[in-house]
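> Fold the stuff below for me.
(one chain, ligands or ions: 1)
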Amino acid sequence: MLPRSAPHRPPAPLAGGLFGVLLLAASAHGTAGAEGIIRGVVDLRRIQVTIEARAASAAMGIPSRRPAELRPAVVYLDTAPRGAFELEEAARATMDQRDQTFVPHVLAITVGTTVDFPNSDLVFHNVFSLSKTRSFDLGRYSRGHSKSVRFDSPGVVQVFCDIHSHMSAYILVFAHRYFAVTDAAGRYAIGRLPPGSYTVAVWHEGEVRETRVVTVPEGGGAVEAAFAIR
Ligand SMILES: [Cu+2]
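Numbers count the residues shown, from 1 in each chain. Predicted structure coming up:
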């Protein structure tokens, strides 16, 4: 069973201040049973070029192993509907260490999720985080071994390797299930939404890049919301 204490916990302070805000949207008056979906594309092309150029010049010889599609955005509701905090089951997720890269680069989970950190490389890694949301240090371990961390507070956790300074990743921990990581084409979809107005936030590489109020009409249905991150 998952703890149901998440909504009563004060939001974790975060850069940007938006992430931990967990307000309840007025949604009880919608058509009974009507559900909507907010979906669209986050255009990351411009910012990816910038990031890759910066990384290439900063790394000086460390080959970039991350094509643009592996640095996805996360789209989420800053205001979650009623009932959003009734998470059904304890979840499990994986962040692999492969080719001296965390895979995936961005992992989005709900509170109470345990993340496994297997080492799939021939070299040792030492996964750690100094994040206020959840700090940990897994120590060094070799190929075929794994350690896990449970995340019980919402917020952003930046993950590093103590041995390889070019390794980094993000884990976004949500107190509700209304979030989506963009796919290789930048698409996202947040479904099973009661009618109402929601603040949709787009996060990318440690920052909230844009927020916008999107309304799911009384009758439900699909609402398109496109974003362009520059
Ligand atoms: Cu490493």
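
> Break this structure into its domains for me.
Domain segmentation of the chain under automatic domain parsing yields 11-85+185-230, 86-174.

> Mind listing what's buried along stretch 150-162?
For stretch 150-162, a neighbour-count test (16 or more other Cβ atoms under 10 Å) marks F151, D152, S153, P154, G155, V156, V157, V159, F160, C161 as buried. Heads up, the C-betas are built off the backbone N, CA and C, glycines and all.

> So what's the gap between that stretch and the chain middle?
Offset of stretch 150-162 from its chain centre (Cα atoms, centre = their mean, to the nearest Å): 11 Å.

> what does the protein put close to the ion?
Residues of the chain lying close to the ion (Cβ under 5 Å from the ion) are H125, C161, I163, H164.

> For those, give me TSV that also has distance to V216, secondary structure and pLDDT.
Below are the residues of the chain next to the ion laid out as TSV (distance: Cβ to Cβ, whole Å; DSSP: H, G, I helix; E, B strand; the rest coil; pLDDT from 0 to 100):
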residue	distance to V216	secondary structure	pLDDT
H125	43	strand	97
C161	41	strand	98
I163	46	coil	97
H164	43	coil	96
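
> which among those gets closest to D78?
C161 (31.0 Å; Cβ to Cβ).

> and that closest one, what is it in contact with?
Q97, Q100, F102, H125, N126, V127, F128, M167, S168 (Cβ atoms under 8 Å, 6 or more residues apart in numbering).

> and whichever strand or helix holds the fifth one, what does it pack onto?
N126 belongs to strand 125-129 when elements are defined using DSSP states H and E. If contacts are counted by 3 or more Cβ pairs under 8 Å, 6 or more residues apart in numbering; DSSP states H and E, strand 125-129 sits against strand 136-141, strand 155-161.

> Can you name the next helix or strand after the last one?
Heading C-terminal from strand 155-161, the first helix or strand you meet, by DSSP H and E, is strand 168-174.

> buried set for that next one?
Buried residues in strand 168-174 (16+ other Cβ under 10 Å): A169, Y170, I171, L172, V173, F174.

> Could I get those in JSON lines, plus columns for pLDDT?
Converted to JSON lines, those look like this (pLDDT from 0 to 100):
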{"residue": "A169", "pLDDT": "97"}
{"residue": "Y170", "pLDDT": "97"}
{"residue": "I171", "pLDDT": "98"}
{"residue": "L172", "pLDDT": "97"}
{"residue": "V173", "pLDDT": "95"}
{"residue": "F174", "pLDDT": "93"}
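
> picking that back up, can you tell me which of the contacts of C161 comes closest to I190?
Distances from I190 to these, taken by Cβ to Cβ, are shortest for F102, at 24.4 Å.

> The protein: helices as residue ranges?
All helices of the chain, identified by DSSP state H, fall at 45-59.

> Report the helix or strand with the lowest average pLDDT across it.
strand 23-25 (a mean of 44; mean pLDDT, DSSP states H and E).

> Surely T114 touches R150?
Yes - judged on Cβ atoms under 8 Å, T114 makes contact with R150 at a distance of 4.5 Å.

> T101 and S146, how far apart?
Per Cβ to Cβ, to the nearest Å, T101 is found 16 Å from S146.
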